[in-house]
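Student: model the following, please.
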Amino acid sequence: MVGIVTVEQMQAIERTANEAGLAYEAMMEAAGRQVAQAILDRLPVIEGRRIVVLVGAGNNGGDGLVAGHYLAEAGALVSIYLAADRPADDKNLVRLQERGLLIAEAEQDQRYRVLKNSVGASDVIVDALLGTGIKLPLRGTAAEILSHVGQELRSRPRPMIVAVDCPSGIDCDTGEAADEVLAADLTVTMAAAKRGLLEFPAAEYVGELLVVDIGLDDQPPGAGEPGVDLATAVEVAGYLPARPRDSHKGTFGRVVVVGGSITMPGAAALAGLGAYRAGAGLVTLAVPTPVQALLASLIPEATWILLPHEMGLLNESAVEILLKESAGSQTILLGPGLGQDKPTQNFIGRLLGVEVAAHRGKLGFVERGPAGEAAPIKLPPLVIDADALKMLAAVPDWHKRLPPGSILTPHPGEMQALTELDKDEIQADRVEVARKYAAVWGHVVVLKGAFTVVASPVGRTSVLPFANSALATAGTGDVLAGIIAGLHAQGVAAFEAAVLGGFIHGRAGELAAQSLTAEAPVIAGDLVEFLPEAIGSLPTAG
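Tutor: Next up, the predicted model:
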């Protein structure tokens, strides 16, 4: 797994490693070699390529010097641009001097002419000016160098830009970004992902994020944040359920999707298709009776529970039928397209053992019968999404009423309704908000959005590496909820089902955008079509 750490935690990790015998010099050598290798992996032909390495005064600059050495050794035409003097006995600098490379210093570069000429002729720029520990605003020589490089790049074809550990000018804790930051095509970060790289606006400048091993334990005792990691394809592939050759549809579980309304019928179908594509053996759509005719041709593989309704909206009399007909299912997905009208509120209340009551002109829920300690409803684990989440917020002790192993999939607006936090407060620290409320509620929380956060009640937390506007369209959340429910029904534990489902969903968004040549045209139905390819792209064991 790839850890996610703050700057202070990363410094503690390095300090612990140094004290254990892995010298900073060895870390620098490993880091620079990994940067060089990442560039070599992406450029089939390196000989004759002009590479400019922007070198700062600290360890980040040292990483850049090492990378320059290995790139030159591979045949690239490397030049070094020093933002400040480095010690005369700097072995990494001496090694480059002995190679006879062009080494320029900002202090001696009048009007930054050498810098501009080097950048203007470059195929690759390696940004090793500033490391992870800087605070904004930027001042001095580094700010001037970045500004001049940016100006030069605006007047010529853009070279490949590779950031060492982070793009210079990023606050790696908060995600703030200086005006002068160079947008990287690739950021090679060491040992663990820095939290700020997964926050906006910084994430706009990161490009591809590659976390590389430099021989460190990224979670030593007393350092790092246990349980917080960046989901990777290798990790989530381990969560895929087995597909025995002698299996039958019962092997892979039954999902019941409770959703749909006369004004939003398609949400239930999208969720059902997501569940089927995730491998569920049987998907049953429990919908208001008139909705079934609208959906039958969209998902012919489904079976149906036809529920009582009022004007195409579920009402409370549907509860008994649902409980009876969903017996034997492994997971129930509650919410896609339900709406929040009074009949549906009555349905949710009856399902959770409360009833709707008006108080000072507002609808709310009160205990049905004598008040007492809330007890979980006798249902399989729930995946709760969309309108059902908003209606939960008014139910007394709602989190105690849900079956164990349930999963909540709120976007920030729905999280606001559940927590009464301001949406900006939620977005300012998504990881901690998800972690806190997963623990308080006792259920897995999937806080959707750019870099979706999945948190378990026991503190395990995973951040998904996707920030893709292709997913910012109606219905994509329904597909996600269906995928998660489909995996959960196959026996994948709640946290793992949420992480794997979110990863598959994000990857399908990328593939759909690639196929349609842009993110804007992607719609939720496209995601369903690309789920097989997304699952197939995961690495296989052995």
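Student: tell me the helix or strand right after the lowest-mean-pLDDT helix or strand in the chain.
Tutor: Within the chain, no helix or strand scores below strand 362-367, which has a mean of 57 by mean pLDDT, DSSP states H and E. As assigned by DSSP states H and E, the chain's next helix or strand after strand 362-367 is strand 382-384.
Student: figure out how far the very next helix or strand once past that following strand is from the centre of its chain.
Tutor: Note on strand 382-384: by DSSP H and E, the next helix or strand toward the C-terminus is helix 387-392. Mean-position distance between helix 387-392 and its chain equals 24 Å (C-alpha atoms, centre = their mean, to the nearest Å).
Student: packing partners for helix 387-392?
Tutor: Here helix 387-392 touches helix 342-352, helix 412-419, going by 3 or more C-beta pairs under 8 Å, 6 or more residues apart in numbering; DSSP states H and E. Any C-beta I mention is one placed from the backbone N, CA and C, and that applies to glycine too.
Student: of all the ones you listed, which one comes closest to D89?
Tutor: Evaluated with C-beta to C-beta, the helices and strands packed on helix 387-392 place helix 412-419 nearest to D89, the distance being 52.3 Å.
Student: show me the contact partners of the following helix or strand past that closest one.
Tutor: Helices and strands here follow DSSP H and E; after helix 412-419, the next one along the chain is helix 423-428. For helix 423-428, contacts defined as C-beta atoms under 8 Å, 6 or more residues apart in numbering pick out 412-413, 415-416, 419, 433, 447, 449.
Student: do you know how far A428 is from V445?
Tutor: Plainly put, A428 is 17 Å away from V445 if you go by C-beta to C-beta, to the nearest Å.
Student: tell me which of these two has more neighbours.
Tutor: A side-by-side neighbour count of A428 and V445, using other C-beta atoms under 10 Å, places V445 first with 27 against 14.
Student: can you name the residues that contact the closest residue to the more buried one other than its chain neighbours?
Tutor: Nearest non-adjacent residue to V445, counting by C-beta to C-beta, 6 or more residues apart in numbering: A438, 4.3 Å away. By C-beta under 8 Å, 6+ apart, the residues touching A438 are 444-445, 455-457.
Student: name the SS class of A438, please.
Tutor: Here A438 is recorded as helix under DSSP: H, G, I helix; E, B strand; the rest coil.
Student: distance from the chain centre to stretch 527-542, please.
Tutor: What separates the centre of stretch 527-542 from the centre of its chain is 17 Å, taken as C-alpha atoms, centre = their mean.
Student: what residues does that stretch touch?
Tutor: Residues from elsewhere that reach stretch 527-542, judged by C-beta under 8 Å, 6+ apart: 233-234, 236-238, 240, 270, 273-274, 277-278, 471, 476, 479, 483, 504-505, 507-509, 511-512, 515.
Student: restricted to buried residues, select those residues in PyMOL.
Tutor: Applied in PyMOL, the following selects the buried portion of these according to 16 or more other C-beta atoms under 10 Å:
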select buried, resi 236+237+240+270+273+274+277+278+471+476+479+483+504+505+507+508+509+511+512
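Student: narrow the contacts of stretch 527-542 to those in helices?
Tutor: 233-234, 236-237, 270, 273-274, 277, 476, 479, 483, 504-505, 507-509, 511-512, 515 (DSSP state H).
Student: and the strands in the stretch 51-200 of the chain?
Tutor: For the stretch 51-200 of the chain, strands defined by DSSP state E, counting those that start in this stretch occupy the ranges 77-82, 102-105, 124-128, 160-164, 186-190, 193-194.
Student: would you turn these into a markdown table with mean neighbour count and mean pLDDT?
Tutor: Below are the strands of the stretch 51-200 of the chain laid out as a markdown table (neighbours: other C-beta atoms under 10 Å; pLDDT from 0 to 100):
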| stretch | mean neighbour count | mean pLDDT |
| --- | --- | --- |
| strand 77-82 | 24 | 98 |
| strand 102-105 | 16 | 96 |
| strand 124-128 | 28 | 98 |
| strand 160-164 | 27 | 98 |
| strand 186-190 | 25 | 98 |
| strand 193-194 | 28 | 96 |
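Student: for A31, find the nearest of those strands.
Tutor: Proximity to A31, assessed across those by C-beta to C-beta, is greatest for strand 186-190 (5.1 Å).
Student: low-scoring stretches of the stretch 101-250 of the chain, by residue?
Tutor: 218-226 (pLDDT under 70).
Student: domains of the chain?
Tutor: 2-230, 237-241+249-536 (automatic domain parsing).
Student: before we move on, the earlier item: from N468, how far out is the residue nearest to V445?
Tutor: 24 Å.
Student: quick check: mean pLDDT of whatever helix or strand L323 lives in?
Tutor: Taking DSSP H and E as the definition, one finds L323 inside helix 318-325. Mean pLDDT, computed over helix 318-325, is 94.
Student: who touches it?
Tutor: Residues contacting helix 318-325 (C-beta under 8 Å, 6+ apart): 256, 258, 284, 286, 288, 305, 307-309, 347, 350-351, 378-379.
Student: so how do I select the buried members of those residues in PyMOL?
Tutor: Buried members of the contacts of helix 318-325, identified by 16+ other C-beta under 10 Å, are gathered into one PyMOL selection as follows:
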select buried, resi 256+258+284+286+288+305+307+308+309+347+350+351+379
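Student: any idea which residue is closest to the centre of the chain?
Tutor: L464 (2.2 Å; C-alpha atoms, centre = their mean).
Student: look up how far A242 lies from that one.
Tutor: According to C-beta to C-beta, L464 stands 23 Å off from A242.
Student: does G75 touch G48 like I think?
Tutor: Yes - between G75 and G48 there is a contact under C-beta atoms under 8 Å: 7.1 Å.
Student: between these two, which is the more surrounded one?
Tutor: A direct count of neighbours by other C-beta under 10 Å for G75 and G48 places G75 higher, at 13 against 9.
Student: secondary structure class for the residue nearest to the more buried one when sequence neighbours are not counted?
Tutor: Nearest non-adjacent residue to G75, counting by C-beta to C-beta, 6+ apart: E47, 3.6 Å away. Following three-state DSSP, we place E47 in the coil state.
Student: tell me the contacts of E47?
Tutor: 74-76.
Student: among those residues, which are in helices?
Tutor: Reading helices off the contacts of E47, I find no matches (DSSP H).
Student: make a markdown table from the residues you listed and add pLDDT and distance to I321 to it.
Tutor: Below are those laid out as a markdown table (pLDDT from 0 to 100; distance: C-beta to C-beta, whole Å):
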| residue | pLDDT | distance to I321 |
| --- | --- | --- |
| A74 | 97 | 69 |
| G75 | 97 | 72 |
| A76 | 97 | 70 |
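Student: can I get the residues you listed in CSV including distance to L210?
Tutor: CSV is the format used below for those (distance: C-beta to C-beta, whole Å):
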residue, distance to L210
A74, 18
G75, 22
A76, 19
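Student: quick one: which of those is nearest S329?
Tutor: A74 (57.5 Å).
Student: grab the nearest non-local neighbour of that closest one.
Tutor: Of all residues not flanking A74 in the chain, I46 sits nearest, at 5.0 Å (C-beta to C-beta, 6+ apart).
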